[in-house]
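Peer 1: Sequence first, predicted coordinates after that:
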Amino acid sequence: MLDLVVTNARICDGIGTPCWHGSLGVAGGYIVWIGTGSPPEALKTLDAKGLVLAPGFIDPHTHYDAQVCWDPTLSSSALHGVTTVVMGNCGIGIAPVRPETREALLRDLEGVEGIPYDVMSKGIKWNWRSFTEYLNWIDQRGVALNVAALVSLTALRYATLGEEALFRPAADAELTKLVRQLEEAMDGGAIGFSTDHLKHHRGFQGRPLACQAADDVELASLCDVLNAGRRGTITLSLNSMLSGTKVIGDEDICLLQLLTSRSGRPVVWLPLLAKTGDPTFHEATLAKLGPLVEQAIPMTMPRPMVYLQTLQKPFKFGYYDSWCDALNATHDEKMALYRSATWRDLVASDMDNNPRRFAWERFRVVSTKNAKLQTLHGASIASIATDQKVRPLDALLDIVIEDDLETIFQLENANLDPDGIAWLMARPEFLLGLSDAGAHVDQLCDDGYATALLQIWVRERGVLTLEEAVMRLTSRPASVFGLQDRGVLALGYVADLVLFDLDRVAPTPPVFIHDLPGGAPRLFSRSEGIVASFVNGIQLVDEGKLIPVLPGRVLRGTKEVKL
């Protein structure tokens, strides 16, 4: 007798086969029966009533490295049909670690990924030192979703070089140790490593991330580890692609050529975003990549990036050197800086003379604590500055000082052109993701990117067929990251499943909840139309609600990646 049978389903297998009406049976966490006839008897039968049954969605770009320590449900990804997450992206994470490097790792996550330091200090107990011990701890503690983890190069370098990792490449003896640590992490289950080249990503002491100090010799040696074992994937962000405003630069092309040729493995790079008013803008990037795009795979996202933020954490200003002193400053230190006329002049000059113009017209006041400022709600800083006949920077800082840094702003940051996004969605070689789930906890909530894809680009605009969209959410990321036996509905594959109503599926607007360690707030998004999901054959979601079970596991790296 089987454990589960799902009957009367519209089966979408994840590899592009036209959907068909049938049933699917599960035993021991695996798909053991699939067809159109009468299924075997089972302990539990679920009538799908004609809804879509697909492989569970795989989110290839998350930052759940810290959240998994206090929230094994990894909410709210499961509510959007996600059954597997890839974490450890952007070159930062919390393993491997030495006691003296804990502070730096947390400050990096705070500065780059917007996770409050106090929250992490309360929620992380540091039950590990090595990367393997970290993965083992997650498995032993239990987790709701499957977790596949990349080693962050920043953590790896700190564990080897200490604070010197911020300033220089590894010396010969250090490089030998660095390589050995990566080998041990890969043997323990890492699925590759990640690094980061975004200039505005500043962490410990407001400095560029330690992974950015690695030179080509160091990167090549790490790539050799992956090549020797014929396993693993590399992920990285590229500075020349920031905000989708530039064609990929020659320096980044050379970097991708180094990583792909030396590792022999897939390299996932980001961000590839739409440029307003130019839907085919990235044809120039594809032309420069040429055949390299087969191994150097761009990642894009199906909707605009819209951030909420206060100037308690001025993350989006980290691109400008003049803001560095504010990034890790205390409340009182920020207030003093923001009042300083000298500092304001320095910042204004820096921002005015930087090639990257800040979009003050897209930086809007959402809410204020001070009732006297409520007339500004919905207004852009550009319009406020015009009305007050002051510089936009002065208008901004005057508001936040009067509101004691409590003002919430919205920044329409990138990927704003629907026609440009449609062009990106139609490219099958691109990887979909960029949810950043687990990061920017009070600024951004994009873990509903999968339900947004189905709502906007399948149901409403018809840019993708259902079969194409499901393939992009399942077998494509499974293939790129070497997640064997996942992402496809077929005999012998793991029973990670999602049942959804295509007529209703959609993300709901994010809301603030206060469930972080210490009661701090975060944005949380539910969904509509996700009827059920199963992780390793065990039901996790029922009619949009989480069931209190932890059926996930750590997915350990394998030797072969089939692209």
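Peer 2: Received, thanks.
Peer 1: can you pull up the bridge partners for Met305?
Peer 2: Counting by DSSP bridges, Met305 forms beta bridges with Ala414.
Peer 1: give the contact list for the residue lying closest to Leu2 once chain neighbours are set aside.
Peer 2: Nearest non-adjacent residue to Leu2, counting by C-beta to C-beta, 6 or more residues apart in numbering: Ala42, 3.9 Å away. Every residue, glycine included, has its C-beta placed from N, CA and C. By C-beta atoms under 8 Å, 6 or more residues apart in numbering, Ala42 lies in contact with Met1, Leu2, Asp3, Leu4, Val5, Gly25, Val26.
Peer 1: Strands - which of those residues land there?
Peer 2: Leu2, Asp3, Leu4, Val5, Gly25, Val26 (DSSP state E).
Peer 1: out of those residues, which one sits closest to Glu294?
Peer 2: For these, the minimum distance to Glu294 (C-beta to C-beta) is 34.8 Å, reached by Val26.
Peer 1: Tell me the pLDDT of that closest one.
Peer 2: The model reports Val26 with a pLDDT of 98.
Peer 1: domains of this protein?
Peer 2: The record's domain split for the chain, according to automatic domain parsing, is 55-304+415-546, 308-413.
Peer 1: Asp47 is nearest to which of the ones you listed?
Peer 2: Proximity to Asp47 (C-beta to C-beta) singles out domain 55-304+415-546 among the domains of the chain, at 10.4 Å.
Peer 1: now do the same end-to-end measure for that closest one.
Peer 2: Distance between the boundary residues of domain 55-304+415-546 (C-alpha to C-alpha, to the nearest Å) amounts to 18 Å.
Peer 1: how far does it sit from the chain's center?
Peer 2: Centroid displacement of domain 55-304+415-546 relative to its chain, using C-alpha atoms, centre = their mean, to the nearest Å, is 4 Å.
Peer 1: which element is Arg168 on?
Peer 2: Per DSSP states H and E: Arg168 is located in neither a helix nor a strand.
Peer 1: Spit out the contact partners of it.
Peer 2: Leu161, Ala213.
Peer 1: Low-confidence ranges, the stretch 401-550 of the chain, go.
Peer 2: Within the stretch 401-550 of the chain, no range satisfies pLDDT under 70.
Peer 1: Could you find the residue nearest the spatial middle of the protein?
Peer 2: Asp436 (2.6 Å; C-alpha atoms, centre = their mean).
Peer 1: Let me know whether that residue touches Asp446 as I believe.
Peer 2: Yes. The criterion here is C-beta atoms under 8 Å, and Asp436 meets it with Asp446 at 6.0 Å.
Peer 1: name the element Thr45 belongs to?
Peer 2: Using DSSP H and E, Thr45 sits within strand 42-47.
Peer 1: What residues sit buried inside that strand?
Peer 2: For strand 42-47, the neighbour count (16 or more other C-beta atoms under 10 Å) marks Ala42, Leu46 as buried.
Peer 1: Can you tell me what sits against the helix or strand just after that strand?
Peer 2: Where DSSP H and E defines the elements, the next helix or strand beyond strand 42-47 is strand 52-55. Outside of strand 52-55, the residues that reach it under the criterion C-beta under 8 Å, 6+ apart are 6, 9-14, 19, 24, 81, 83, 466, 470, 473-475, 486-489, 493, 496-502.
Peer 1: Looking at those residues, which are in helices?
Peer 2: Leu466, Val470, Leu473, Ser475 (DSSP state H).
Peer 1: what pLDDT does Val179 get?
Peer 2: Val179 carries a pLDDT value of 98.
Peer 1: So it is in contact with Ala228, correct?
Peer 2: No. With contacts counted by C-beta under 8 Å, Val179 stays clear of Ala228, the gap being 10.0 Å.
Peer 1: These two: which is more packed in?
Peer 2: Remark: of Val179 and Ala228, Val179 carries more neighbours, 19 against 13, as counted by other C-beta atoms under 10 Å.
Peer 1: Is the more buried one within a helix or a strand, and which one?
Peer 2: Assigned by DSSP H and E, Val179 falls within helix 172-187.
Peer 1: Just the C-alpha atoms of that helix, please, in PDB.
Peer 2: Provided in PDB are the C-alpha atoms of helix 172-187 (Å, rounded to 0.1, in the frame of the first residue of the first chain):
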ATOM      1  CA  ASP A 172      50.800  30.800  -0.400                       C
ATOM      2  CA  ALA A 173      50.400  29.000   2.900                       C
ATOM      3  CA  GLU A 174      47.000  30.600   3.500                       C
ATOM      4  CA  LEU A 175      45.900  29.600   0.000                       C
ATOM      5  CA  THR A 176      46.700  26.000   0.700                       C
ATOM      6  CA  LYS A 177      44.600  26.100   3.900                       C
ATOM      7  CA  LEU A 178      41.800  27.900   2.000                       C
ATOM      8  CA  VAL A 179      41.700  25.200  -0.600                       C
ATOM      9  CA  ARG A 180      41.700  22.500   2.000                       C
ATOM     10  CA  GLN A 181      38.700  24.100   3.800                       C
ATOM     11  CA  LEU A 182      36.800  24.300   0.600                       C
ATOM     12  CA  GLU A 183      37.600  20.600  -0.100                       C
ATOM     13  CA  GLU A 184      36.300  19.700   3.300                       C
ATOM     14  CA  ALA A 185      33.100  21.700   2.900                       C
ATOM     15  CA  MET A 186      32.500  20.100  -0.500                       C
ATOM     16  CA  ASP A 187      33.100  16.600   1.000                       C
END
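Peer 1: In CSV: the domains of the chain, plus distance to Thr36.
Peer 2: Compiled in CSV, these are given as follows (distance: least, C-beta to C-beta, whole Å):
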stretch, distance to Thr36
domain 55-304+415-546, 14
domain 308-413, 47
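Peer 1: Which one, of the ones you listed, ends up nearest to Ala48?
Peer 2: Nearest to Ala48 among the domains of the chain is domain 55-304+415-546; the distance by C-beta to C-beta comes to 5.8 Å.
Peer 1: May I ask which helix or strand encompasses Ile92?
Peer 2: Ile92 belongs to no helix or strand, assigned by DSSP H and E.
Peer 1: And for it, the neighbour number?
Peer 2: Ile92 has 29 neighbours, counted by other C-beta under 10 Å.
Peer 1: Roughly how far does it sit from Ile11?
Peer 2: From Ile92 across to Ile11, the span is 39 Å (C-beta to C-beta, to the nearest Å).
Peer 1: Could you do Ala495 as well?
Peer 2: For Ala495, the distance to Ile11 equals 13 Å [C-beta to C-beta].
Peer 1: Between these two, which is the more surrounded one?
Peer 2: With neighbours defined as other C-beta under 10 Å, Ala495 and Ile11 compare such that Ala495 has more, 26 against 22.
Peer 1: Top of the ones in helices among the contacts of strand 52-55 by number of neighbours, please.
Peer 2: Neighbour counts for those peak at Val470, which has 31 neighbours (criterion: other C-beta under 10 Å).
Peer 1: who touches that one in this structure?
Peer 2: Contact analysis of Val470 by C-beta under 8 Å, 6+ apart lists Cys12, Gly14, Val52, Ala54, Pro55.
Peer 1: at 6 Å what do you get?
Peer 2: When contacts are counted by C-beta atoms under 6 Å, 6 or more residues apart in numbering, Val470 touches Cys12, Gly14, Ala54.
Peer 1: Strands along the stretch 251-400 of the chain, start to end?
Peer 2: Ranges of strands in the stretch 251-400 of the chain, per DSSP state E, counting those that start in this stretch, are 267-270, 296-300, 305-309, 363-367.
Peer 1: JSON lines for those strands, including distance to Gly420 and mean neighbour count?
Peer 2: JSON lines is the format used below for the strands of the stretch 251-400 of the chain (distance: least, C-beta to C-beta, whole Å; neighbours: other C-beta atoms under 10 Å):
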{"stretch": "strand 267-270", "distance to Gly420": "16", "mean neighbour count": "23"}
{"stretch": "strand 296-300", "distance to Gly420": "10", "mean neighbour count": "23"}
{"stretch": "strand 305-309", "distance to Gly420": "13", "mean neighbour count": "19"}
{"stretch": "strand 363-367", "distance to Gly420": "21", "mean neighbour count": "19"}
